[in-house]
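Q: missing the sequence, but the structure's below:
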Ligand SMILES: NC(=O)c1ccc[n+]([C@@H]2O[C@H](COP(=O)([O-])OP(=O)(O)OC[C@H]3O[C@@H](n4cnc5c(N)ncnc54)[C@H](O)[C@@H]3O)[C@@H](O)[C@H]2O)c1
């Protein structure tokens with residue numbers, strides 16, 4: 001029996017990378033999936049491939065979030081799961097970060113996650129076994145070094161907010177956050193590889209497993225936290241990071 005049979009799940013950022021891999025896995029596991037992304041064309045391509053629904057959204061815009069969530073609920077006949085995988089990255093450090101960059105990063109990564117949860121929560125509360133999985137980052141637990149100031153702040157925010165919301169939505173909805181290490185996606189394509197196309201050694205040597213992850217390895221962890229196999233798990237920040245943050 002597939003692990004998500006009958007589930008109705010919204011995946012933001014579902015057009016690319018971790019969200020895309022999660023959309024494919026969830027459909028394989030029997031879920032109806034609404035692929036929400038600001039890239040409408042790429043979302044439509046994923047939705048076509050998995051037999052899901054594509055809906056354009058800017059997660060940082062409250063009106064856009066409200067109408068996208070309403071459209072997803074109509075398309076699927078309800079919503080009982082949410083994966084917040086939409087996000088942006090910046091490597092800029094303290095002195096290179098502008099106020100605009102900082103505000104924009106928090107607007108998408110933190111406010112976007114908040115707005116999605118706020119819009120979906122009333123639907124999730126009516127459903128049995130409802131779940132939310134946010135995507136934080138290992139850098140929100142332990143920064144890798146200097147740089148990425150706004151991004152690190154945003155991911156620390158997502159992790160802390162997840163725990164607060166897990167308390168607020170309990171016992172109706174389980175809320176967890178996955179904290180990836182480096183994952184091979186379009187987000188990291190430009191900086192985790194060096195000029196020869198190899199993973200930058202300075203990044204990879206931080207990982208006990210000496211490699212970056214494939215997005216499917218993150219999708220598997222997100223599946224665990226979404227399906228009934230994790231029915232007694234809420235409020236956790238799960239590192240899926242090849243052993244970067246445990247030591
Ligand atoms: N790739 C990594 O190494 C890594 C590591 C740690 C955490 N993460 C986190 O995982 C999540 C997914 O990252 P990814 O690597 O798959 O990136 P990605 O760039 O491949 O995908 C991100 C998706 O989010 C969408 N998006 C961006 N802003 C949006 C907005 N305002 N509204 C709606 N959609 C928007 C993009 O269009 C894109 O489809 C992000 O939160 C990222 O910070 C990634």
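A: Great, that's in hand. Just so it is clear, the structure is predicted and the values come from calculations on it, not from any experiment.
Q: Who does the lengthiest strand in the chain pair with, and is each partner parallel or antiparallel?
A: Longest strand in the chain by number of residues (criterion: DSSP state E): strand 173-180. Within its sheet, strand 173-180 is paired with strand 130-135 (parallel), strand 237-240 (parallel), according to DSSP bridges.
Q: and the first one, average pLDDT?
A: It stands for strand 130-135. The predicted model assigns strand 130-135 a mean pLDDT of 99.
Q: Up against the ligand, what does this structure have?
A: 12-13, 15-19, 37-39, 57-60, 85-89, 108, 112, 135, 137, 180, 182-183, 185-188 (C-beta under 6 Å from any ligand atom). For every residue, glycine as well, the C-beta is placed using N, CA and C.
Q: re earlier: for the strands paired with strand 173-180, which one sits closest to residue 201?
A: Nearest to residue 201 among the strands paired with strand 173-180 is strand 237-240 (21.7 Å), distances taken as C-beta to C-beta.
Q: would you list every one of the helices in the protein?
A: 17-28, 40-50, 62-76, 99-106, 112-125, 138-141, 149-169, 201-204, 215-226 (DSSP state H).
Q: Return the distance of the least confident helix or strand in the chain by mean pLDDT from the chain's centre.
A: Across the helices and strands of the chain, mean confidence by mean pLDDT, DSSP states H and E is lowest for helix 201-204: a mean of 80. Computed by C-alpha atoms, centre = their mean, to the nearest Å, the chain-centroid distance of helix 201-204 equals 24 Å.
Q: Only the buried residues of it, if you could.
A: Buried residues in helix 201-204, counted by 16 or more other C-beta atoms under 10 Å: 203, 204.
Q: Residue 76 and residue 31 touch, don't they?
A: No - using C-beta atoms under 8 Å, residue 76 is not in contact with residue 31; the gap is 9.2 Å.
Q: Common neighbours of those two, please.
A: residue 8 (C-beta atoms under 8 Å, 6 or more residues apart in numbering).
Q: which of the two has more neighbours?
A: Ranked by neighbour count (other C-beta atoms under 10 Å), residue 76 and residue 31 place residue 31 first, with 28 against 20.
Q: Could you report the pLDDT at that one?
A: 98.
Q: Next, the contact list for it, please.
A: Contacts of residue 31 by C-beta under 8 Å, 6+ apart are 4, 5, 7, 8, 9, 81.
Q: Just the buried ones out of the residues you listed, please.
A: 4, 7, 8, 9, 81.
Q: State the distance from the nearest residue to the second one once chain neighbours are set aside to the ligand.
A: By the measure of C-beta to C-beta, 6 or more residues apart in numbering, the closest residue to residue 7 outside its immediate chain neighbours is residue 31, 4.3 Å from it. The gap separating residue 31 from the ligand is 19 Å, by C-beta to the nearest ligand atom, to the nearest Å.
Q: Was I right to think residue 245 contacts residue 141?
A: Yes - in this structure residue 245 lies within contact range of residue 141 using C-beta under 8 Å: 5.2 Å.
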